[in-house]
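J.: no sequence on this one, just coordinates:
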């Protein structure tokens with residue numbers, strides 16, 4: 001199943017960013033440190049390509065630090081880009097944003113040329129929580145649900161530093177299948193756009209190798225070797241049994257078990273976990289681009305055949321007046 005979610009307000013956000021970027025000095029893109037590649041919006045990259053960018057790997061306290069470091073190196077190696085990791089609820093760490101933005105646009109600052117910064121990212125990446133931490137009050141709505149912010153806001157962080165907040169935005173078509181599942185697992189995708197069991201099975205399929213010990217500890221499973229040897233369905237069923245997700249007759253309610261697994265990941269109950277490395281994401285992206293190119297070739301061939309058939313249909317003779 002391909003996971004897609006692009007409601008109407010996201011289309012409006014794209015239009016707002018297209019206009020706003022003309023007067024912006026630096027772009028802050030918030031990424032989920034647990035999925036730094038999948039949470040990077042390729043459409044945002046295209047819209048903001050003309051501006052220096054600060055990539056913020058947010059929720060670092062929930063991510064695997066051994067995997068965060070390579071991701072920071074990956075983004076810091078890109079031209080016109082700086083990358084930092086932080087936990088948006090940490091006020092002291094959040095102040096690093098202002099310093100990093102000034103470093104990316106050293107000629108801006110002061111009342112004559114105030115710094116103008118656009119902050120953007122996917123839904124539920126922690127943007128509103130970060131802004132509230134920066135201004136030390138509830139300037140933006142924050143909730144553990146995709147699509148809470150639906151209108152642009154301007155926030156003054158200093159006399160010469162303006163932050164423009166935009167609603168969380170995905171992109172119209174997610175071509176990396178694994179990214180779709182990771183985004184759904186993180187809460188970036190609306191709850192009606194995916195099947196819980198399918199997402200939980202994909203999540204377990206990945207976790208049972210690098211993080212089998214976390215699964216074994218959280219769900220009181222027999223041992224790590226058993227976790228790695230189980231099929232995804234067997235693992236989900238066993239988790240449901242251990243956690244009491246049962247229905248009549250003692251059968252496991254796999255829907256409830258799936259919800260438990262997804263919630264445990266989102267809330268950090270499974271420990272510090274990152275669902276992708278730069279190398280893994282590069283492979284997923286290459287495969288997705290190849291499949292997308294093949295799909296486009298087939299689509300073009302179908303359209304060409306349709307046009308050819310249309311042209312072969314003889315037009316009715318014109319009636320003489």
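T.: Perfect, I can see it now. A quick note: this is a predicted structure, and the numbers were derived from the prediction, not measured. Numbering: from 1, shown residues only.
J.: contacts and neighbour counts: CA atoms only from here.
T.: Fine.
J.: The stretch 51-200 of the chain: strands as residue ranges?
T.: Using DSSP state E, counting those that start in this stretch, the strands of the stretch 51-200 of the chain run over 53-58, 81-86, 115-121, 153-158, 161-165.
J.: how much space between residue 289 and residue 281?
T.: 12 Å (C-alpha to C-alpha, to the nearest Å).
J.: If you count surrounding residues, which of the two has more?
T.: The residue with more neighbours, out of residue 289 and residue 281, is residue 281; 19 against 14, by other C-alpha atoms under 10 Å.
J.: On the three-state scheme, that one is what?
T.: Recorded secondary structure, residue 281: helix (DSSP: H, G, I helix; E, B strand; the rest coil).
J.: got any ranges where the stretch 101-250 of the chain has weak pLDDT?
T.: Low-confidence segments of the stretch 101-250 of the chain (pLDDT under 70): 137-152.
J.: Which stretches in it count as helices?
T.: 127-135, 177-186, 196-207, 212-219, 224-229, 232-242 (DSSP state H, counting those that start in this stretch).
J.: So for residue 270, which of these sits nearest?
T.: Among the helices of the stretch 101-250 of the chain, the nearest to residue 270 by C-alpha to C-alpha is helix 212-219 (5.8 Å).
J.: for the closest one, packing partners?
T.: Applying 3 or more C-alpha pairs under 8 Å, 6 or more residues apart in numbering; DSSP states H and E, one finds that helix 212-219 makes contact with helix 224-229.
J.: How about the most centrally placed residue in the chain: what's its closest non-neighbour residue?
T.: By C-alpha atoms, centre = their mean, the mean C-alpha position of the chain lies nearest to residue 39, the distance being 2.7 Å. Closest residue to residue 39 apart from its sequence neighbours, by C-alpha to C-alpha, 6 or more residues apart in numbering: residue 31 at 5.4 Å.
J.: Tell me which helix or strand the one you found sits in.
T.: Assigned by DSSP states H and E, residue 31 belongs to strand 26-32.
J.: and that strand, what does it pack onto?
T.: Counting by 3+ C-alpha pairs under 8 Å, 6+ apart, strand 26-32 packs on strand 53-58, strand 115-121.
J.: For it, which strands pair with it and how are they oriented?
T.: strand 53-58 (parallel), strand 115-121 (parallel) (DSSP bridges).
J.: what number of residues lie near residue 84?
T.: Neighbourhood size, residue 84 [other C-alpha under 10 Å]: 22.
J.: just checking, it touches residue 57?
T.: Yes: with contacts counted by C-alpha atoms under 8 Å, residue 84 reaches residue 57, the gap being 6.2 Å.
J.: Identify the contacts common to those two.
T.: When contacts are counted by C-alpha atoms under 8 Å, 6 or more residues apart in numbering, the set common to residue 84 and residue 57 consists of residue 72.
J.: Name the nearest residue to residue 264, ignoring sequence neighbours.
T.: residue 270 is the one closest to residue 264 (C-alpha to C-alpha, 6+ apart), at 5.9 Å.
J.: And the protein, split by domain according to the record?
T.: 8-165, 195-266 (automatic domain parsing).
J.: Export the ones you listed to JSON lines and append columns for distance to residue 172.
T.: Formatted as JSON lines, the domains of the chain follow (distance: least, C-alpha to C-alpha, whole Å):
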{"stretch": "domain 8-165", "distance to residue 172": "9"}
{"stretch": "domain 195-266", "distance to residue 172": "19"}
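J.: Please name whichever of those domains is nearest to residue 305.
T.: Among the domains of the chain, domain 8-165 comes nearest to residue 305, with 30.8 Å by C-alpha to C-alpha.
J.: hang on, the earlier thing: list the residues that contact the residue nearest to the centre of the chain.
T.: By C-alpha under 8 Å, 6+ apart, residue 39 lies in contact with 31, 32, 121, 122, 179, 183.
J.: What of residue 178?
T.: Counting by C-alpha under 8 Å, 6+ apart, residue 178 touches residue 284.
J.: what about it, distance to residue 275?
T.: Using C-alpha to C-alpha, residue 178 is found at 10 Å from residue 275.
J.: repeat for residue 69
T.: Look at residue 69 and residue 275: by C-alpha to C-alpha, they are 14 Å apart.
J.: With neighbour numbers in mind, choose between these two.
T.: Higher neighbour count among residue 69 and residue 275: residue 275, with 25 against 12, using other C-alpha under 10 Å.
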